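Novice: Structural data only, the sequence is not supplied:
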């Protein structure tokens, strides 16, 4: 039940919040909305970037990308903690579902899923 | 450099993609947009829910919530893998930044951050 | 085919873009992503606000709200212009669809739609 | 104060809501979140589409695009009505702000704004 490799870091994220008593502001709604806002900020980085410039953009916006990824991970940590979601378990089940939906022999190298 | 506790699961997520040769459709832009879309789907779960019904909503929409969390974790796994982002490192740095911005003695129990 | 009441303003929005030759950066994808980013910025305004403080928040964040609404309208103007979408027509059809889906006698005052 | 050209349609959108007494579920927060969700659904249409396929995608997904645009316009109608926002006025002011920020002689044909 972690989204961070290092268990002590997972604890640090929770401690950061407890130290400030900010858990009272965190609900399924506020955390979900905050995740949507942070993910939109990540998408903003390439909103005007043509495909041909994406590699360059990834480099020049590195700091901003890392910051948004950190925000997403921190918010996810709070959400899965508060709802007692077992991330490993839900990801494992999702892979099984997707595996059945997109069998390798029919979808390998195919962009069909990506072009519905 | 993981968002999943279990290293073998992290590998399973990457293997799922390789088996289908789908990495070719993944860029900073497509993964960021997909993250924004999945996070919006998570926010959709409570879009009409008043604060007083959030606890009930969390329970009745459990499956949907877990599915969206799984999607977010899978997409994040691809993104941090492809950009070689060290999640533990960026989260640690973000906590340090936020710690300096919101010192405990001035922000404990305060909703100021949440009311700017 | 307008989202603005005043036809001369609709034209001003288009002229603003032509004068800068920015139409070349606008596609279904860039405009859609930009709309998602601006809408997320609007949602950000109330991301931590409890229901009980929404009225107050609406007043104190008035300038920011108006700015995001303007951005959404400007982006929508470009999108419906470029794709030659007849907004009045699509809204009229959507109302008909929703009217059939949510008949008054069964949905009046009901929060069912809002609680699925 | 309209986002629809036809004043009677603007009224139809409001009447649709009154007939069902749904205004009670609409606040700055619920409408903003709903706008973010609908805009993300619009962005979803091109989330995996490379630039080279955007023209084709615009055609094949026409119905979906029109539906999302209608949803955005309907939600915007409710929001600007409820907050008494004069759309023409806020757009006019935003154009003035942007005009000062991006003078024609320095930004014509330039992608600088789009590459910050």
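Specialist: Yes, it's here. On a predicted model such as this, the values are computed, not experimentally measured, just so you know.
Novice: so how far is residue B:10 from residue A:7?
Specialist: 15 Å (CB to CB, to the nearest Å). Placement of C-beta: from N, CA and C, glycine included.
Novice: How about the helix or strand containing residue A:11, which residues are buried there?
Specialist: Following DSSP states H and E, one finds residue A:11 within helix A:7-20. The neighbour-count check on helix A:7-20 (16 or more other CB atoms under 10 Å in any protein chain shown) flags A:9, A:10, A:12, A:13, A:14, A:16, A:17, A:20 as buried.
Novice: what about the longest helix along chain A and chain D, touching?
Specialist: Scanning chain A for the longest helix, with DSSP state H as the assignment, gives helix A:62-82. No: contact of helix A:62-82 with chain D (CB under 8 Å from any CB of the partner chain) is absent, the minimum separation being 10.7 Å.
Novice: Would you mark the buried spots in that helix?
Specialist: Buried, per 16+ other CB under 10 Å, within helix A:62-82: A:65-81.
Novice: and if you look at stretch A:45-65?
Specialist: A:45, A:46, A:47, A:48, A:49, A:50, A:53, A:57, A:58, A:61, A:65.
Novice: closest to chain D among these?
Specialist: Using CB to the nearest CB, the shortest approach to chain D within the buried residues of stretch A:45-65 belongs to residue A:48, at 3.7 Å.
Novice: what distance separates stretch A:75-87 from the centre of its chain?
Specialist: Computed by CA atoms, centre = their mean, to the nearest Å, the chain-centroid distance of stretch A:75-87 equals 12 Å.
Novice: per-residue confidence averaged over that stretch?
Specialist: On average, the pLDDT along stretch A:75-87 is 95.
Novice: Do it and chain B come into contact?
Specialist: Yes: using CB under 8 Å from any CB, stretch A:75-87 reaches chain B at A:76, A:79, A:80, A:83, A:85, A:87.
Novice: how deep is residue A:41 tucked in, by neighbour count?
Specialist: Applying other CB atoms under 10 Å in any protein chain shown, we find 20 residues neighbouring residue A:41.
Novice: and what of residue A:89?
Specialist: 14.
Novice: Just the element for it, please.
Specialist: Here residue A:89 is assigned to helix A:87-101, by DSSP H and E.
Novice: buried set for that helix?
Specialist: A:87, A:88, A:90, A:91, A:92, A:94, A:95, A:98.
Novice: Skip ahead from that helix and say which helix or strand is next.
Specialist: Helix A:87-101 is succeeded, C-terminally, by helix A:104-107 (DSSP H and E).
Novice: helices or strands next to that next one in the packing?
Specialist: Counting contacts by 3 or more CB pairs under 8 Å, 6 or more residues apart in numbering or on different chains; DSSP states H and E, helix A:104-107 packs against helix B:7-20.
Novice: orientation of the helix or strand following the helix it packs on relative to helix A:28-44 in degrees?
Specialist: Per DSSP H and E, helix B:7-20 leads on to helix B:28-44 as the next helix or strand towards the C-terminus. Here helix B:28-44 runs at an angle of 160 degrees relative to helix A:28-44 (axes from the mean of the first three to the mean of the last three CA atoms, to 10 degrees).
Novice: tell me the mean pLDDT for helix B:28-44?
Specialist: For helix B:28-44, the mean pLDDT works out to 98.
Novice: before we move on, back to that, I'd like the buried residues of stretch A:45-65 as CSV, with secondary structure appended.
Specialist: Shown next, in CSV, are the buried residues of stretch A:45-65 (DSSP: H, G, I helix; E, B strand; the rest coil):
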residue, secondary structure
A:45, coil
A:46, coil
A:47, coil
A:48, coil
A:49, coil
A:50, coil
A:53, helix
A:57, helix
A:58, helix
A:61, coil
A:65, helix
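Novice: can I get those in CSV with distance to chain C?
Specialist: Listed next are the buried residues of stretch A:45-65 as CSV, based on distance: CB to the nearest CB, whole Å:
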residue, distance to chain C
A:45, 10
A:46, 8
A:47, 4
A:48, 6
A:49, 9
A:50, 8
A:53, 12
A:57, 13
A:58, 16
A:61, 14
A:65, 15
